[in-house]
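In: starting from these lines, generate the structure:
(one chain, ligands or ions: 1)
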Amino acid sequence: MLGQIVRSLGRMQQLSNGLKGVRLHQLLSKETHGHLQTSLENTRAISTVSLWPFSSQPRDFSQPNSSWSPEMRKVYDHYNTLCDPDTENGEEKRGPWRKLPSYNRSIKYAAGGIHLSKLIQAKARLFTRNVKEQGATFEYVVFVNKEEKRCVCVFQAGHLLEGAPGHVHGGAIATMIDTVTGTLAGFLSGPIMTANLNIDYRSPMPLGSVVLIHSALDRKERRKTYITCKVSSTDESKLYTEATALFVSIGVGHLFGSRN
Ligand SMILES: CCCCCCCCCCCC(=O)SCCNC(=O)CCNC(=O)[C@H](O)C(C)(C)COP(=O)(O)OP(=O)(O)OC[C@H]1O[C@@H](n2cnc3c(N)ncnc32)[C@H](O)[C@@H]1OP(=O)(O)O
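Out: Numbering: from 1, shown residues only. Prediction:
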């Protein structure tokens with residue numbers, strides 16, 4: 001589902017104008033009436049017509065803001081340049097790198113919110129994007145390379161993420177690893193959920209650090225997508241964290257509780 005959401009959000013910009021007025025619950029009405037379609041193919045079919053169910057355009061949180069340090073901005077600029085198209089014989093050719101947008105709301109029905117109260121649905125926000133003060137928590141942007149089946153996240157850890165004095169909380173690091181590996185797994189495999197996350201913390205990460213979170217596909221086995229991850233300083237001379245993650249592909253029904 002998260003993969004679907006990631007893809008949907010990427011398409012939202014283009015689709016939203018033409019599809020305003022159509023509600024997601026109309027698209028999902030089959031599911032809510034007991035005809036759950038759980039294959040990934042069907043999930044993808046829904047994703048191609050998914051749309052932003054809110055009246056205003058969402059803010060893309062992966063854009064630079066004034067809290068970004070010069071180092072964060074420099075690394076961002078480097079990867080952003082890799083996303084620019086090359087011109088060959090007068091023709092523009094896009095390379096393999098893409099910057100992914102990042103919003104603070106998921107599509108509530110698709111994310112299982114149909115079971116939640118209206119109040120919770122209205123107030124739900126993505127964990128990593130729920131603090132208004134810029135720079136206080138998770139500032140990050142993910143660049144994905146489809147050909148090489150890998151991605152890199154530039155992450156600046158804010159002052160509200162403290163764990164050990166002056167250093168980033170291990171749970172905050174785990175959150176970012178789950179987010180980045182999950183984003184890659186979803187990008188490559190469609191709707192998935194985290195089944196297993198193994199983390200080795202190698203050195204403490206000072207608050208305010210800008211780090212790279214490199215994730216790559218290790219292998220796929222049936223519904224399982226295995227991802228490796230390394231968190232390092234931006235010059236890659238210092239290793240902070242290593243991780244492996246397993247994501248299992250799910251069908252639409254999984255978050256609606258249809259499998260039990
Ligand atoms: C808005 C923008 C968003 C932005 C995007 C942000 C991305 C954020 C990403 C965050 C994602 C999350 O945190 S998700 C939240 C945390 N995760 C969860 O809550 C998941 C809870 N667990 C589950 O729902 C379930 O256990 C599943 C889906 C993981 C698996 O259940 P299932 O579908 O019934 O599959 P099951 O038959 O059990 O297993 C399938 C295969 O996987 C293996 N398998 C299953 N679990 C494990 C395991 N822990 N360790 C090893 N192997 C396992 C099985 O042996 C089997 O292998 P074989 O027999 O095929 O060999």
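In: Ala216: which element?
Out: Per DSSP states H and E: Ala216 is located in strand 210-221.
In: okay, now the sheet partners of that strand, with direction.
Out: Partners of strand 210-221 in the sheet, by DSSP bridges, are strand 150-157 (antiparallel), strand 224-233 (antiparallel).
In: which residues in this structure form strands?
Out: Secondary structure of the chain (DSSP state E): strands located at 86-88, 91-93, 97-99, 138-145, 150-157, 192-201, 210-221, 224-233, 239-249.
In: include distance to the ligand and mean pLDDT when you put those strands into CSV, please.
Out: The C-beta positions use only the backbone N, C-alpha and C, and glycine is treated the same way. Converted to CSV, these look like this (distance: least, CB to the nearest ligand atom, whole Å; pLDDT from 0 to 100):
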stretch, distance to the ligand, mean pLDDT
strand 86-88, 29, 84
strand 91-93, 29, 87
strand 97-99, 14, 96
strand 138-145, 9, 98
strand 150-157, 11, 98
strand 192-201, 4, 98
strand 210-221, 6, 98
strand 224-233, 5, 98
strand 239-249, 4, 98
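In: ok now stretch 69-85, how far from the chain's centre?
Out: Centroid separation between stretch 69-85 and its chain, computed with CA atoms, centre = their mean, to the nearest Å, is 18 Å.
In: neighbours around the residue in the stretch 101-250 of the chain that the ligand sits nearest to, how many?
Out: Closest approach between the stretch 101-250 of the chain and the ligand, counting by CB to the nearest ligand atom: Gly182, at 2.5 Å. For Gly182, the neighbour count with other CB atoms under 10 Å is 22.
In: then Ile177?
Out: Neighbour count for Ile177, taken as other CB under 10 Å: 27.
In: in contact with the nearest residue to it once chain neighbours are set aside, which residues?
Out: Using CB to CB, 6 or more residues apart in numbering and skipping the chain neighbours, the partner closest in space to Ile177 is Ala243 (4.9 Å). By CB atoms under 8 Å, 6 or more residues apart in numbering, Ala243 lies in contact with 177, 181, 197-200, 228-231.
In: so in terms of bridging, what pairs with the residue lying closest to Ser209 once chain neighbours are set aside?
Out: Spatial nearest neighbour of Ser209, excluding adjacent residues (CB to CB, 6+ apart): Ala157 at 5.3 Å. Taking DSSP bridges as the rule, Ala157 bridges to Phe138.
In: please apply the same query to Asn145.
Out: With DSSP bridges as the criterion, Asn145 is bridged to Trp97, Arg150.
In: in contact with it, which residues?
Out: By CB under 8 Å, 6+ apart, the contact list for Asn145 reads 96-98, 151.
In: cool, and Arg223?
Out: By CB under 8 Å, 6+ apart, Arg223 lies in contact with 248-249.
In: and it, what's its pLDDT?
Out: pLDDT for Arg223: 98.
In: if we can go back for a sec, residues touching the residue of the stretch 101-250 of the chain closest to the ligand, list them.
Out: Per CB under 8 Å, 6+ apart, neighbours of Gly182: 2, 192, 194, 245, 247.
In: out of these, which are buried?
Out: Listed as buried from these are 2, 192, 194, 245, 247; burial here means 16 or more other CB atoms under 10 Å.
In: ok, the last one touching Glu221?
Out: When you say that, I think you mean Phe247. No: using CB atoms under 8 Å, Phe247 is not in contact with Glu221, being 11.4 Å away.
In: what residues of stretch 63-77 count as buried?
Out: By neighbour count on 16+ other CB under 10 Å, the buried set for stretch 63-77 is 68, 71-73, 75-76.
In: can you name the residues bridging to Phe247?
Out: Bridge pairing for Phe247 - DSSP bridges - gives Thr194, Thr225.
In: for it, give its distance to Glu71.
Out: Applying CB to CB, to the nearest Å, the value for Phe247 to Glu71 is 30 Å.
In: next: His214.
Out: Distance from His214 to Glu71, by CB to CB: 17 Å.
In: if we can go back for a sec, only the buried subset of the contacts of Ala243, as a PyMOL command please.
Out: A single PyMOL command suffices to select whichever of the contacts of Ala243 are buried according to 16+ other CB under 10 Å:
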select buried, resi 177+181+197+199+228+229+230+231
